[in-house]
Structure formats: structure tokens, C-alpha cells
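**Q** give me the fold of what follows.
(chains A and B)
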Amino acid sequence: MQTMLDKIWDEHVVVPETAETPAILYIDLHIIHEVTTPQAFSKLRELGLPVRRPDLTLATMDHSTPTTPVRTFKDLAVISKGALNQIRQMERNCGDFNIELLGFDSEYRGIVHVMGPELGATQPGKTIVCGDSHSSTHGAFGALAFGIGTTEVGHVLATQCLLQRKPRTLSVEINGQLPPGVSAKDIILALIGKIGVQGGTGHVIEYRGNTIRSLDMEQRMTICNMSIEGGARAGMIAPDDTTFNYLHGRQRVPTGHAWDSAVLRWRSLHTDDNAKFDMSVSLDASSLQPMVTFGTNPGMVIGINDPVPASDDPSFKKALDYMQVTPGRPMTENDVDVVFIGSCTNGRLSDLQEAASLLEGRKVAAGVRMLVVPGSQQVKNQAEALGLDRIFKDAGAEWREAGCSMCIGMNGDIALPGQLSVSTSNRNFEGRQGIGARTVLASPATAAASAVRGKVADPRSLAREQRQ
Amino acid sequence: MSGIAKIKSRTVVLATTDIDTDQIIAARFLTTTSRDGLGAHLFNDLRYRSDGALNESFPLNVPSAEGCEILVAGNNFGCGSSREHAPWALLDYGFKAVISTEIADIFRSNALKNGLLPVLVDKPLHARLLNEPGLELTIDLADTSLTLPDGTRVSFEIDGFARHCLLEGIDQLGFLQQHSEAIRTFEERRSWTP
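**A** So this is what the prediction gives:
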């Protein structure tokens, strides 16, 4: 009886772990970006080492890149000399080491965790790493995917392997019909609220249950993406027909007989009945409501109409002071300055559609700045083909080029000190979206509704108006 | 990695729980291609006020914190991003060890690869360390022990392989490279190719 983690792990062990040494684990796909790789390439140059498998390495630039609309990417207004240097060095490193770079001239450039699945490079059963903690996203396909540091990026570039101890397993069983107006983002925020930001430390989460099975791939990616916010380095979902239908025909998946045999292999990856997990948690999706964070970590989260809780814990109080919110009052009383729709959590086409459906025929409230940043050039092109860019622009929002943008705020897209930002991203840490910026994490629907109301808002109230 | 086998220093205490990597080193300082010099930006938005003036009440800025090599932090230190800039910044500033009840997975892995010791202690000892900033501790990596000024000695958990590598000066990349034959065999024999 094996879990999905056991099966994928066993298939990738080059040298088994012992009491003294961790396992040597083979990596099938290494995605790299400009911010966490320069020091790794420097190490390779210093040691005179080649990249062992450039063919299993895929590069892009997303973190420090500008998202301001440009006619040609030659006109890019990069935030600083440092950021420009990173971009230039990435181009040079990929050239020198023969790595495929989906750069500014590529129609496939995008956030690492949007691009990989879109191309079909992300596949079930693979081990996938990237110098980015949201690498857990790729686990939605039944891959073992996790974030690594720059030293480990160097290890993978040089040897295609990592030294790893096998993590423990956490089963998260989610059942029940998701109520209208409640989305995958609300599920994962509710789960992190339940287990806490360190609840999954040392574990790989497997999301299971009929709610998970009913979700499409983009929703599954939203859930796996935020596993790290619950402390788990990886999150995974067993591949099924939804997965195979998503992947079929994509650029980098096998074709013909090879596709058939791949699907056959992928179908065997699921956790066996009666396999044991180290820990188990369950969640009833039918009782969920739109969720918003009120504090400075993703575990400080409540239902949209619930009162902000109180506590005597100094760290808790410090978080509420930073956020300027009052215990006992709902988050809907707070005025909104900025709304950000995008990121590797919620920057895919269906996320933009969810937001656009509420914004159509409406205006962003006076005084609110709204940024819509597609997760990739592909998402941007698809959204424009559907006219979503017009809906956003007509409503008064800014329509941007693809990138990480205000999720991490290192490219110049930031909220100002004291501003309240309702954001579809993944982290509400102090200063994450700019010095002194106050972040409220929410679903695309809640973010769009908040943009229209000018206050943190329940998307269901806007949807009701729409129906009347 | 010299000087890591035994660390003897007073502590600085940051009692806040869930100190994330964005607080340790904010993203705007990551536009660098080097691992040096990040200590200047460690805890930047906590050490400095918005007008750039020093926040004198922040524990790192108190005169007695000068030269301290051990940071005692609230539970779940280092949560958030995979940026290795976080341990680089702590090391560059002068820290050699972080003590807490829980330290986030990726941060801990990154710290160990750079010779910053993540030391896990139990809640009662943690509470005592939080309440007594400036306590002189001795951390001995060889026997994984932590000794208090009153002679109290406890052992702490740390990944055995990382400990071995740090003590013996073994480079983990070199260790991996020694297995290149096994890696090649694995690639040749696997039943499917990625």
C-alpha cells in the first residue's frame, strides 16, 4: 500500500537514504528564473562545471521584470540597474549553458508556475523544482514539486539531483459541494486558517476528496500553490481525466502511442486504498464562504462577514496594529486603496474571467487603483481574444504585461505605505507588497467586488445585484 | 565553515512568531547577483523607520546586541519564500545560529547549506531564552548541545548529514558529484524519460 508520494519518490531515488545520508533524488524538470539563479551559475563558472541536463531545464524571467504596457520589449523600463543586470545575466547564463530561455521575445514567457503547466512541461509523476517556494503549484498534476534555495539550484544544474530526506505525508480530505461565490482560493485560505502557517511543516500534502475531484486544473493549481503557506513544501493531487484532458495536445506532452502509454502510467500514480498517511485533516467545502485575511500571515483568515478575532498574544496584536483592523468588526468595513489581480496563485485565464464577470458594466470605485496582471503572455493573449482586457480597462483597471508584479513587489509594482490592498496573491506579510502596505488576501471574485465597492466586499452581494 | 563547531555568544531576542523571509530580507533587496553584502538590509523595515532613521528600540539596534552571534526567535522562524538571501543576510550581519521551537523547512535547509545553525529547542527552554535576552550560550555542533550560563546543558536536534558536512568541511555538491556514475546509470535504466 503506497501513497502517491511513495510511488513518485521511489521512482526517482538514485541512491537510497540511510541513517547517515539523505537520498539522492533525480529531478525531471528544473524551472529557473532571474532572481534566485545568478549565484548558482557563478558557482558553476567558478568550478568550471557544465549544466548536466540543459534539456530538462527551462528558464524564464518573471520576478523583477516590469509589467508596464510596452509596444516592444526593447522599451522595457526596468526598475533598477540591479534588476536590469539580473535580466542581462539570465540571458547570458542561458546562452552560455545552452538552456532554453523563454524571454521577452517569447510568446510563452510567464510566471514560472503558470508557464510550466501551460506548455505541458509539468506532467504527472515528475519531480519538479524551482528556486521559488510556490513550486508546489505543479503538484496539482500529480507531480512532486517543491521550492529550493539557490545552493540547491546549483546542485540540480550540476548534477540534476538533490540530497533529500523523504518528507512525511499529510492527507487533506475535502468533500462537499462548493457554494456559489466560493472558489478554490477560499478553500485553501480556509485550510491554512485551520491548520495554521506551520501546520504542514515537514510534510507533503495530498489533497483528496470529491470537492478536489470536481475542480478544474486551474483551481487545483490555486490550491497546491498555497501549500507552502501552510508550511508544506509540496502539495499534490492525484491525476485523473481532468488532468489528462488539460494536458492533451499541449506543446510538450507526448503524442500518439507515447501519449497512451504515458496516460497508462499516470493512472497508476494515485494513492492505494488503505495506504497510510502520517497525519490527516478534513474540510467541509459546503460550509465555506468567501475568505479574507485580516492579519500579516495567511493563517490569519476569516469569512468575509465574520468579525476579526481578538487575542492577547503580542504577535497577534502586533499584526492587527500593522493592519489597522479592529477585533469584533468585519473586514468589510475597511476602505480599499489598491486591488491586485494576478500572481501564480490567481493569474490564470479562469481567474481573470471570474473577476471580469463581476466587473463587466461596472466601474472601479473612485480612489481605488486596480491592477490586472496576467500570469503569462499566453493568458494575456487568450484574455484579449475574449475581450477581457476591454472589460478591465472600461471599468478603470490597468491591464498589464505578464509577471509576478505586485505579489512580490520587486519590479516597481507596489502599494504605498498604509494603503490597503485586496490581492489575489499568496502572502500578506508585512511589507510584502510595499513598505507599510496592508495586504488582504482574497479570491479574484472578492477582489473584483472590493474594487467596485471601494471596501472589502462579499462577491455574492454583487452577483445578486447582477441577477436582479 | 570554520568557527561553526562551537559558538559562544550572547543572544538577541526577536520574540515575534512567524517571522517570515520578507521581514528578514525584503524582496526589493533581491535584485542582486551576489550573495555578499546583504547584512546591510537584514530586517531593514524593522531596523529603520520609514524616514530612514534607526529604530532604536528594535532589539538588534540596542547597544548590548553588538557582536551577538545567536538569534533567539519566536516560533516558526523563516516561513515564506525560498530565498537563500535570508540566511545569507543573517550570516553577513554576523549571526551564526538561530534558535526557535520551529523553523520553516526551506529556510532551515538553506541555512544548513551555508553554515547558519538552525537550533530547535522545546517550549520551556524557548520561553526562558525569550525572557532573558543577552544570555550567554554555548552551542556545540559536535555533540549537538546547548549550554546555559548556569551549566544547564540540553541537546538539540539537527540534520545529521548537514552536521557532518559542516564539521568535516564537506561540500554537498562535491558529495553529489561523487555519485555521478550512479546518476548516469539511473538515467540509462529508468523505464521512461522526462
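
**Q** use CA for all of it now, contacts and neighbours both
**A** Fine.

**Q** report the distance from the longest helix along chain A to the chain centre.
**A** Longest helix in chain A by number of residues, with DSSP state H as the criterion: helix A:81-96. Its chain's C-alpha centre and that of helix A:81-96 lie 24 Å apart, by CA atoms, centre = their mean, to the nearest Å.

**Q** with stretch B:46-65 instead?
**A** 21 Å.

**Q** now do stretch B:51-71
**A** Worked out by CA atoms, centre = their mean, stretch B:51-71 lies 18 Å from the chain centre.

**Q** quick check, that stretch touching chain A?
**A** No: applying CA under 8 Å from any CA of the partner chain, one finds stretch B:51-71 separated from chain A by no less than 11.4 Å.

**Q** endpoints of that stretch, how far apart?
**A** Stretch B:51-71 has an end-to-end distance of 26 Å (CA to CA, to the nearest Å).

**Q** and for stretch A:305-319, what's in contact with it?
**A** Under the contact criterion CA atoms under 8 Å, 6 or more residues apart in numbering or on different chains, stretch A:305-319 has outside partners A:294-296, A:302, A:325-332, A:458, B:16-17.

**Q** still on that earlier bit, ok, then the element right after the longest helix of chain A?
**A** strand A:100-102 (DSSP states H and E).

**Q** right, is that following strand up against chain B?
**A** No: applying CA under 8 Å from any CA, one finds that strand A:100-102 is not in contact with chain B, the shortest distance being 15.8 Å.

**Q** roughly how far out does the helix or strand following that strand sit from the chain middle?
**A** Sequence order places helix A:112-119 as the next helix or strand after strand A:100-102, per DSSP H and E. What separates the centre of helix A:112-119 from the centre of its chain is 11 Å, taken as CA atoms, centre = their mean.

**Q** give me the contacts around the helix or strand following helix A:112-119.
**A** Proceeding N to C from helix A:112-119, the next assigned helix or strand is strand A:127-130, under DSSP H and E. Strand A:127-130 is contacted by residues A:8, A:12, A:26-32, A:122, A:135, A:138, A:143-148, A:153 when judged by CA under 8 Å, 6+ apart.

**Q** so which of those residues are in strands?
**A** A:26, A:29-32, A:144-147 (DSSP state E).

**Q** give the rounded mean pLDDT of the longest helix of chain A.
**A** Averaged across helix A:81-96, pLDDT comes to 94.

**Q** any bit of that helix sitting next to chain B?
**A** Yes: using CA under 8 Å from any CA, helix A:81-96 reaches chain B at A:82-83, A:85-86.

**Q** which elements pack onto that helix?
**A** The contact analysis (3 or more CA pairs under 8 Å, 6 or more residues apart in numbering or on different chains; DSSP states H and E) places helix A:81-96 against helix A:38-47, strand A:100-102.

**Q** picking up where we left off before, so which of the contacts of strand A:127-130 reach chain B?
**A** Contacts with chain B within the contacts of strand A:127-130, as defined by CA under 8 Å from any CA: A:26, A:28-29, A:147-148.

**Q** so which of these comes closest to A:Ser287?
**A** Of all those, A:Ser287 sits closest to A:Gly147, with 31.9 Å by CA to CA.

**Q** tell me how far the closest one lies from A:Thr345.
**A** From A:Gly147 across to A:Thr345, the span is 15 Å (CA to CA).

**Q** quick one, longest strand in the chain?
**A** All of this refers to chain A. strand A:168-175.

**Q** other chain: chain B
**A** Identified as the longest strand of chain B according to DSSP E is strand B:6-14.

**Q** top of the ones next to chain B among the contacts of strand A:127-130 by neighbour count?
**A** A:Ile148 (28 neighbours; other CA atoms under 10 Å in any protein chain shown).

**Q** how deep is the closest residue to that residue other than its chain neighbours tucked in, by neighbour count?
**A** With sequence-adjacent residues excluded and distances taken as CA to CA, 6 or more residues apart in numbering or on different chains, A:Ile148 is closest to A:Gly131, at 4.8 Å. Counted with other CA under 10 Å, residues neighbouring A:Gly131 total 27.

**Q** A:Gly131 touches A:Ala145, doesn't it?
**A** No: using CA atoms under 8 Å as the test, A:Gly131 is too far from A:Ala145 to be in contact (11.1 Å).

**Q** domain map for chain A?
**A** Following automatic domain parsing, one finds the domains of chain A at A:4-164, A:168-242+A:264-286, A:297-467.

**Q** near chain B, anything from the shortest one?
**A** Read it as domain A:168-242+A:264-286. Yes: judged by CA under 8 Å from any CA, domain A:168-242+A:264-286 and chain B are in contact via A:197-198, A:201-202, A:228-229, A:231-233.

**Q** rewinding a little: pick out the most distant pair among the contacts of stretch A:305-319.
**A** A:Asp458 and B:Thr16 (31.7 Å).

**Q** tell me which of those two has more neighbours.
**A** A:Asp458 (25 against 18).

**Q** quick one: residues contacting the more buried one.
**A** A:290, A:304-305, A:332, A:446, A:449-450.

**Q** that one and A:Gln289: what is the separation?
**A** 9 Å.

**Q** so how many other residues sit close to residue 161?
**A** Since you didn't name a chain, this refers to chain A. Based on other CA under 10 Å, the number of other residues close to A:Cys161 is 28.

**Q** was after chain B, sorry
**A** 18.

**Q** how about the secondary structure of it?
**A** helix (DSSP: H, G, I helix; E, B strand; the rest coil).

**Q** same thing with B:Asn110?
**A** Going by three-state DSSP: B:Asn110 is helix.

**Q** what's the neighbour count on it?
**A** Counted with other CA under 10 Å, B:Asn110 comes out at 24.

**Q** one more: B:Glu181?
**A** 10.

**Q** flag every buried residue along the longest helix of chain A.
**A** By 16 or more other CA atoms under 10 Å in any protein chain shown, the buried positions in helix A:81-96 come out as A:82-87, A:89-91, A:93-94.

**Q** state the pair within these that is farthest apart.
**A** A:Gly82 and A:Cys94 (18.2 Å).

**Q** could you export the ones next to chain B among the contacts of strand A:127-130 to TSV, including columns for distance to A:Leu163?
**A** Below are those laid out as TSV (distance: CA to CA, whole Å):
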residue	distance to A:Leu163
A:Tyr26	9
A:Asp28	14
A:Leu29	16
A:Gly147	14
A:Ile148	11
